[in-house]
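**Student:** Take this sequence and fold it.
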Amino acid sequence: MQETEKSFNLLDEPWIKVMKPNRFVDTVSLKQALFNAHGYVGLAGELLTQDYAILRLLLAVLFAVFCRVDENGVPNPLKRKNALQRWKALWNMGRFPQKPIEEYLEQWEGRFYLFHPELPFYQVSKSRLFKGEKRSRHQFECVKLIGTVAQSGNKTRLFPNRQGTETETLSFAEAARWLLHINAFDDTAAKTGTGVGWLGKLGIIFAEGDTLFQTLMLNLTLRKDGREEWNECIPVWETEPPQTVPEDKNPAWVLTLQSRHIWLEEQDGRVVSYYTSGGEPSPEGNDFSEQMTIWKRKEDKRGETYFPSPHKFSKQIWREFSSIAEVGDTRRRPGVVSWIAAIHDAKNTPLGNREMVRFRTLSAEYGDSNSSIANLFGDALTFHASLLKDMAKPLRERVEKEISLCDEIAKKVGNFASDLEIASGGDGKAGRENGVERYYDRIDQPFREWLAGLNPEAEDVARENALDEWRNTAFRIARQVGEELIEQVGEAAFVGRDVVIDKAKNKKRHYSAPEAYNWFSYALRELDG
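**Tutor:** Sure thing, here's the model as predicted:
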């Protein structure tokens, strides 16, 4: 293997895919992505998870710059008292100021080469990987690097949009994008001992604006959890290898966390393979320097501890509303949600009459032993920003109550579908799953529309009418699903059959479609009472 020369600087070479307002996709450099962010709808790479990994890189640059200087580039360390003022000044500009960002990036230009003999970007040097970590390194072909053709234990390929020789090598621009992705979401096939990539452990949530500039700004949480002061922001490129985990973690560090130590192998202007080994350890419980994840509370001998909680593929994001909006004493809001609430709650908020907020979620679902990625999926939720205010807590609790009611209704629909399947000769398990899934699928869009229209600042009568209307909708849809289910069963279900429910007592129960429908109707009336 020949010694690597410096080449392909990510600050100036085009490698980030962005979408323009005319829906055309362009490939730009890191500098262009920031300087022209106001002119792009958003990132437009091969996967949403890839876009998110790049979004975090761009955010890390912004943190590193504006934790030290103001919007004019004047040195002024970020403090709690000036955080909202600085954020407001940047937002009102409508675009990122070029001078302070360019001065910062020029200072660290040498750390942004994709190929470098000692300090390749988001990688370790070949000499370090082949000497200091020889026993733990693993070599993979390019196909493992490409997220859109990731191998799975139960699928040949998740997204077969590249085939044949296209999976054998990568251009430098492609390799740069997938380098960020695999560092963030890598599985455990390499047995690095550090688990899946850091972002693969998260229930990712971030605020989304109308442009890339707005999206970056809305996630630029200049106060931790919307309240606390950050310490100095140190991204990975400002540290010397081997990177050490800082005692007081900061947003720039966690945004650029190196879950894997990687070295890209290049031949004749293409990336042909890569080597990987274990990277930096993931943050532990209660590490709220990570601002973009759902949290799950656990109680043990050490006390109350919060851990990132990945989303579930089969669960719509509105069903996690309590974890987003902080409903109940055991809930904790994601930092970015608290930040958005602080911005909207601020006196003379820079967001003006912007009433609605939109949050997007992402997650990775891994296969057996986390050795492959089974699914990469996302969702989005829009609602009134004022729903996050303290005065709206009773309404948030009412929303959670309605979600809990939907869960109870879904169980009743599932029970009904199970009884119908048993009456038809089955065991009821598949029927139950189908009934629950069908109900959630049918109420999904109506619930989103109801939540988006729920204005805490509306008149009490109008708000109560909206709540009553939703409840009527939830039960009406349940009855419609029930009628559809009973229409689809065969003649045998109407005759029914006896099923032993207690062998010891030889106790039997008769299952038939008419009886099941009566039980179902009664159960709904009990809930609606």
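
**Student:** Okay, domains of the chain per the record?
**Tutor:** Following automatic domain parsing, one gets these domains for the chain: 7-386, 391-528.

**Student:** Among these, show the one with the smallest mean pLDDT.
**Tutor:** Among the domains of the chain, domain 7-386 carries the lowest mean pLDDT, a mean of 89.

**Student:** Give me the distance from it to the chain's centre.
**Tutor:** The gap between where domain 7-386 is centred and where its chain is centred comes out at 10 Å by Cα atoms, centre = their mean, to the nearest Å.

**Student:** quick one, longest helix in the protein?
**Tutor:** helix 393-423 (DSSP state H).

**Student:** right, and the helix or strand after that helix?
**Tutor:** Downstream of helix 393-423, the first helix or strand assigned by DSSP states H and E is helix 429-452.

**Student:** List of residues touching that following helix?
**Tutor:** 314, 316, 318-319, 321, 356, 381-384, 399, 406, 409-411, 413-422, 466, 469-470, 473-474, 477-478, 480-481, 484-485 (Cβ atoms under 8 Å, 6 or more residues apart in numbering). The C-beta positions use only the backbone N, C-alpha and C, and glycine is treated the same way.

**Student:** okay but Arg177 is in contact with Thr49, surely?
**Tutor:** No - if you go by Cβ atoms under 8 Å, Arg177 and Thr49 don't touch, sitting 10.9 Å apart.

**Student:** returning to what we had before: and the domains of the chain as TSV, adding mean neighbour count?
**Tutor:** Converted to TSV, the domains of the chain look like this (neighbours: other Cβ atoms under 10 Å):
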stretch	mean neighbour count
domain 7-386	18
domain 391-528	16
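
**Student:** Hmm, Leu454 and Arg463 touching each other?
**Tutor:** Yes - if you go by Cβ under 8 Å, Arg463 and Leu454 touch, sitting 7.2 Å apart.

**Student:** okay, and the common contacts of these two?
**Tutor:** Joint contacts of Arg463 and Leu454 (Cβ under 8 Å, 6+ apart) are Leu395.

**Student:** chain center to the longest helix of the chain, what's the gap?
**Tutor:** 25 Å.

**Student:** Taking helix 429-452 as reference, get the angle to that helix.
**Tutor:** 160 degrees (axes from the mean of the first three to the mean of the last three Cα atoms, to 10 degrees).

**Student:** which helices and strands sit right next to helix 393-423?
**Tutor:** helix 321-325, helix 429-452, helix 460-487, helix 491-495, strand 497-502, strand 507-511, helix 513-528 (3 or more Cβ pairs under 8 Å, 6 or more residues apart in numbering; DSSP states H and E).

**Student:** Just send these back as CSV, with distance to Ala190 too.
**Tutor:** Output for the helices and strands packed on helix 393-423, formatted as CSV (distance: least, Cβ to Cβ, whole Å):
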stretch, distance to Ala190
helix 321-325, 32
helix 429-452, 35
helix 460-487, 45
helix 491-495, 51
strand 497-502, 50
strand 507-511, 51
helix 513-528, 50
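
**Student:** Out of the ones you listed, which gets nearest to Ser363?
**Tutor:** Among those, the nearest to Ser363 by Cβ to Cβ is helix 321-325 (13.0 Å).

**Student:** Distance-wise, check Glu103 relative to Leu57.
**Tutor:** As for Glu103, its distance to Leu57 is 19 Å (criterion: Cβ to Cβ, to the nearest Å).

**Student:** tell me the contacts of the residue lying closest to Glu408 once chain neighbours are set aside?
**Tutor:** Counting by Cβ to Cβ, 6 or more residues apart in numbering, the nearest residue to Glu408 once its immediate chain neighbours are dropped is Leu527, at 5.8 Å. When contacts are counted by Cβ under 8 Å, 6+ apart, Leu527 touches 405, 408-409, 412, 475.

**Student:** and Leu527, how far is that from Ser404?
**Tutor:** 11 Å.

**Student:** Over to Glu484?
**Tutor:** Using Cβ to Cβ, one gets 24 Å for the distance from Glu484 to Ser404.

**Student:** and if you look at Ile146?
**Tutor:** 42 Å.

**Student:** Please apply the same query to Phe96.
**Tutor:** 43 Å.

**Student:** ok, now Phe321?
**Tutor:** From Phe321 to Ser404 the distance is 10 Å (Cβ to Cβ).

**Student:** what do you get for Ser171?
**Tutor:** From Ser171 to Ser404 the distance is 50 Å (Cβ to Cβ).

**Student:** On the three-state scheme, Trp263 is what?
**Tutor:** strand (DSSP: H, G, I helix; E, B strand; the rest coil).

**Student:** just the angle between the longest helix of the chain and helix 513-528, please?
**Tutor:** 170 degrees.

**Student:** Give me the phi and psi for Leu257.
**Tutor:** Taking degrees, to the nearest 10, you get phi -50, psi 130 for the backbone angles of Leu257.

**Student:** Contacts only, for it.
**Tutor:** Taking Cβ under 8 Å, 6+ apart, one finds 198, 236, 279-280, 282-283 in contact with Leu257.

**Student:** can you put those residues in TSV and add secondary structure and distance to Leu10?
**Tutor:** Shown next, in TSV, are those (DSSP: H, G, I helix; E, B strand; the rest coil; distance: Cβ to Cβ, whole Å):
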residue	secondary structure	distance to Leu10
Trp198	helix	20
Val236	helix	13
Gly279	coil	19
Glu280	coil	20
Ser282	coil	25
Pro283	coil	26
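
**Student:** Which of those residues sits closest to Phe66?
**Tutor:** For the contacts of Leu257, the nearest to Phe66 is Val236 (17.9 Å; Cβ to Cβ).

**Student:** ok, now which ones touch that closest one?
**Tutor:** 122, 243, 253, 256-258.

**Student:** Kindly report the same for Met19.
**Tutor:** 25-26, 40-44.

**Student:** Now it. Nearest residue, chain neighbours left out?
**Tutor:** Met19 sits nearest to Ala44 (Cβ to Cβ, 6+ apart), 3.9 Å away.

**Student:** Hmm, Ile54 and that neighbour touching each other?
**Tutor:** No - here Ala44 lies out of contact with Ile54, judged by Cβ under 8 Å, at a distance of 10.3 Å.

**Student:** just the strands in the stretch 1-150 of the chain please.
**Tutor:** Here the stretch 1-150 of the chain has its strands, by DSSP state E, counting those that start in this stretch, at 7-9, 16-19, 25-28, 42-43, 113-115, 138-141.

**Student:** Export those strands to JSON lines and append columns for distance to Ala342.
**Tutor:** Converted to JSON lines, the strands of the stretch 1-150 of the chain look like this (distance: least, Cβ to Cβ, whole Å):
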{"stretch": "strand 7-9", "distance to Ala342": "37"}
{"stretch": "strand 16-19", "distance to Ala342": "29"}
{"stretch": "strand 25-28", "distance to Ala342": "32"}
{"stretch": "strand 42-43", "distance to Ala342": "24"}
{"stretch": "strand 113-115", "distance to Ala342": "37"}
{"stretch": "strand 138-141", "distance to Ala342": "43"}
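
**Student:** right, and those strands - which one's nearest Gly496?
**Tutor:** strand 42-43 (54.9 Å).

**Student:** so what does that closest one touch, helix or strand wise?
**Tutor:** strand 16-19, helix 48-66, helix 212-218.

**Student:** can you redo those as JSON lines with distance to Arg360?
**Tutor:** Output for the helices and strands packed on strand 42-43, formatted as JSON lines (distance: least, Cβ to Cβ, whole Å):
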{"stretch": "strand 16-19", "distance to Arg360": "15"}
{"stretch": "helix 48-66", "distance to Arg360": "8"}
{"stretch": "helix 212-218", "distance to Arg360": "9"}
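
**Student:** Is the closest residue to Ser171 other than its chain neighbours bridged to anything, and to what?
**Tutor:** Take Ser171 and drop its neighbours on the chain: the residue closest to it by Cβ to Cβ, 6+ apart is Arg270, 6.6 Å away. Beta-bridge partners recorded for Arg270 (DSSP bridges): Gln267.
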